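Undergrad: Give me the fold of what follows.
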Amino acid sequence: MNVNISETKGFYKLSWLQRIGFGSGDFAQNLVFQTVMQYVSIFYTTVVGLRPETVAVMVFIPPVINIFGSMALGAFVDKHNPKWGKYRSYLIIGGVPLMAFAVLCFWNGFPGSTVYAFVTYIGLCLLYTVVSLPYGALFASLTRDGDEMTKLTSTRMVLANLGGFTVAFGIPTIVQSLSPTRTYNTSGDAHAWFITMTILALIGLALLIFCFTQSKERIVMEADKTSEVKISDLWMEFIRNSQLRIVALFVFTAFALMSIYNAAGAYYMTYNVQASNYTGWFQGIGFLPAFIFMPLVPAIKKAIGKKQMFYVFLSVAILGMALLYVVSIVPALRSQIWIIMVAQFIKSTGIIVATGYMWALVPEVITYGEYTTGRRISGTVNAIIGIVFQLGMAIGLFIPNIVLGFVGFDKDNAVSQSALAQQGILWLVAVIPAMLLILAMFIISRYKLEDNVIDKINMEIEEKHLNKK
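TA: Sure, this is the predicted structure:
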């Protein structure tokens, strides 16, 4: 039977309002996620006063819990159909407490309390999973159309990076403006952090509500198959879906490297460059390429292909990190802030495009699993992706704090550090992430679902659905 893609049930077209509406969920989640990636380490070490080694332990606990929590949540999401929507319901159910914990996490009401820091941080991370896991499944439920998924990925990544830019530039800028000492890395800045996070949390909640109103679930598992879903499906899907394993490993590596250099960014500008007033600019420039290059992704992918696009932009990121390292070890260059910003822009251009487009691969591996097993277990697959990205992020936050402890970082010195501590920070900003980028390039070389392959698979699935009628 010949099936015209434009007339087939699953190949829906989305309006710009729907694309922007869905992408507002990425904006909202990144207000929390990027705050954790970029500033949670420096907040807990310099504002709260915890030792780096303590922070390293703290950031590693949530993903360990989520290995089991995500397995249960993925199966729960696939098996149930809440009245507000199978997936979008969790934007509200999980979104309200998530934003509340985002505020509590940065409230230093119990100064120096390790217990309070652990409880609120772990709660924040677990609630983030309650929102992000079904949100990933929601993405895969909107349409099967490959071109639409590329456009939607481009749109949501622009909005995700707008959220990242808001955090990167906004947090140090707002905190410094509200702080009586005009700093963001001393115990006296605690109240300014609390006010800043309250503002961001309210914005985030409004965006999640908007996302809820604009997202329509269309491609979901048949009702008669939901009863078959089991927690063990997560492990079985990971074993039998070879392309899922490749994407999961790429996501893990990507989040590890991003977490490492993002966490080190504030330390780098404060202690290596000695220009803490430029921290917001340095971190913010890391998101600017998204607004230039992500809208061009559909055209770039069409011109050079999916895998070549990954190779090109991962190479650009490595080049940017090499330039940043060279600038940092030459005193005459290190004093030229504009060169540092250029290196940051080049590095970020490569990373943003490569790691932004990786989310378009998740619906593809969900479809591949549906093609091989007959079941579209989006929640379970997103549970796997959620586990690996949180493990990657945890490793990426664990390593900087361990390195800082090893090189003797002085959490009580808000101005300078030893030469060894500065070298450790530089390795975190440029060297270790560059090594992981090379690994990521090798991983993506093993991915086999080129556009013509996934289009053929989608067509065959839809033919089967039509023939059942």
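
Undergrad: Select the helix or strand of the protein having the lowest average pLDDT value.
TA: helix 451-468 (a mean of 77; mean pLDDT, DSSP states H and E).

Undergrad: Now do that one: which elements does it pack against?
TA: Using 3 or more C-beta pairs under 8 Å, 6 or more residues apart in numbering; DSSP states H and E, the elements in contact with helix 451-468 are helix 146-178, helix 361-373. (Glycine included, C-beta is placed from N, CA and C.)

Undergrad: closest one to Tyr12 among the ones you listed?
TA: helix 146-178 (7.0 Å; C-beta to C-beta).

Undergrad: Let me see the domain layout of the chain.
TA: 15-215, 227-468 (the TED database).

Undergrad: Now that we have those domains, can you turn them into TSV and tack on mean neighbour count?
TA: Formatted as TSV, the domains of the chain follow (neighbours: other C-beta atoms under 10 Å):
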stretch	mean neighbour count
domain 15-215	21
domain 227-468	20
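
Undergrad: ok so, going back, present the helices and strands packed on helix 451-468 as JSON lines; the columns should include distance to Met99 and mean pLDDT.
TA: Output for these, formatted as JSON lines (distance: least, C-beta to C-beta, whole Å; pLDDT from 0 to 100):
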{"stretch": "helix 146-178", "distance to Met99": "13", "mean pLDDT": "90"}
{"stretch": "helix 361-373", "distance to Met99": "25", "mean pLDDT": "86"}
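
Undergrad: close enough to count as contact, Ser315 and Val353?
TA: No - applying C-beta atoms under 8 Å as the test, Ser315 and Val353 come out as separate, 11.3 Å apart.

Undergrad: Just after the one helix or strand Leu98 maps to, pick out the following helix or strand.
TA: Assigning secondary structure by DSSP states H and E places Leu98 in helix 95-105. Sequence-wise, the next helix or strand downstream of helix 95-105 (DSSP H and E) is helix 114-140.

Undergrad: Now do that following helix: distance to the chain's middle.
TA: Helix 114-140 sits 12 Å away from the centroid of its parent chain (C-alpha atoms, centre = their mean, to the nearest Å).

Undergrad: what packs against it?
TA: helix 16-42, helix 52-79, helix 89-93, helix 95-105, helix 361-373, helix 378-406.

Undergrad: quick check: angle from that helix to helix 16-42?
TA: 160 degrees (axes from the mean of the first three to the mean of the last three C-alpha atoms, to 10 degrees).

Undergrad: how big is the angle separating the helix holding Leu98 from helix 16-42?
TA: Using the same axes, to 10 degrees: helix 95-105 against helix 16-42 is 30 degrees.

Undergrad: contacts for helix 95-105?
TA: Here helix 95-105 makes contact (C-beta atoms under 8 Å, 6 or more residues apart in numbering) with 28, 31-32, 35, 40, 120-121, 123-124, 127-128, 130-131, 194, 197-198, 200-202, 204-205, 208-209.

Undergrad: Then stretch 429-441?
TA: Counting by C-beta under 8 Å, 6+ apart, 250, 253-254, 256-258, 260-261, 264-265, 268, 272, 310-311, 314-315, 317-318, 321-322, 324-325, 328, 350-351, 354, 399 sit against stretch 429-441.

Undergrad: now the end-to-end length of stretch 99-119.
TA: End-to-end distance for stretch 99-119, by C-alpha to C-alpha, to the nearest Å: 15 Å.

Undergrad: coming back round to it: tell me how far the helix holding Leu98 lies from the chain's centre.
TA: The answer for helix 95-105 is 18 Å, by C-alpha atoms, centre = their mean.

Undergrad: Now do that helix, average pLDDT.
TA: Taken as a whole, helix 95-105 carries a mean pLDDT of 96.

Undergrad: try stretch 73-88
TA: pLDDT averaged over stretch 73-88 gives 82.

Undergrad: ok, so what distance separates Phe169 from Tyr184?
TA: 12 Å (C-beta to C-beta, to the nearest Å).

Undergrad: Look at the closest residue to Gln417 other than its chain neighbours and report its pLDDT.
TA: Excluding the flanking residues, the one nearest Gln417 by C-beta to C-beta, 6 or more residues apart in numbering is Tyr271, at 4.4 Å. On pLDDT, Tyr271 comes in at 92.

Undergrad: List the residues that contact Tyr271.
TA: 415-417, 421-422, 425.

Undergrad: Ser89 and Leu208, how far apart?
TA: In terms of C-beta to C-beta, Ser89 sits 12 Å off from Leu208.

Undergrad: With Asp78 instead?
TA: 22 Å.

Undergrad: Repeat that for Ile304.
TA: 35 Å.

Undergrad: Kindly report the same for Asp233.
TA: Counting by C-beta to C-beta - Asp233 and Leu208 are separated by 28 Å.

Undergrad: Output the below-cut-off pLDDT ranges for the protein.
TA: 1-10, 219-231, 234, 377, 465-469 (pLDDT under 70).

Undergrad: So Thr143, which state does it fall into?
TA: coil (DSSP: H, G, I helix; E, B strand; the rest coil).

Undergrad: Tyr184 too?
TA: coil.

Undergrad: surely it meets Ile171?
TA: Yes - at 7.5 Å, Tyr184 counts as touching Ile171 under the criterion of C-beta under 8 Å.

Undergrad: who touches Phe255 in this structure?
TA: By C-beta under 8 Å, 6+ apart, the neighbours of Phe255 are 388-390, 392-393, 396.

Undergrad: so how far is Tyr371 from the nearest residue to it once chain neighbours are set aside?
TA: Spatial nearest neighbour of Phe255, excluding adjacent residues (C-beta to C-beta, 6+ apart): Gly392 at 3.3 Å. Distance, Gly392 to Tyr371, by C-beta to C-beta: 27 Å.

Undergrad: re earlier: tell me the angle the least confident helix or strand of the chain makes with helix 146-178.
TA: 110 degrees.

Undergrad: Just give me how far helix 451-468 sits from the chain centre.
TA: 30 Å.

Undergrad: report the angle between the axes of it and helix 361-373?
TA: 50 degrees.

Undergrad: For the helix or strand in which Ile352 is found, name the packing helices and strands.
TA: Assigned by DSSP H and E, Ile352 falls within helix 337-357. With contacts defined as 3+ C-beta pairs under 8 Å, 6+ apart, the packing partners of helix 337-357 are helix 146-178, helix 242-267, helix 279-285, helix 288-293, helix 297-304, helix 306-329, helix 432-444.

Undergrad: The same query, at a cut-off of 7 Å, please.
TA: helix 146-178, helix 242-267, helix 279-285, helix 288-293, helix 306-329 (3 or more C-beta pairs under 7 Å, 6 or more residues apart in numbering; DSSP states H and E).

Undergrad: Need the contact partners of that helix.
TA: 153, 157, 161, 254, 258, 273, 275, 278, 281-282, 285-290, 293-294, 297, 309-310, 313-317, 319-321, 323-324, 327, 333 (C-beta atoms under 7 Å, 6 or more residues apart in numbering).
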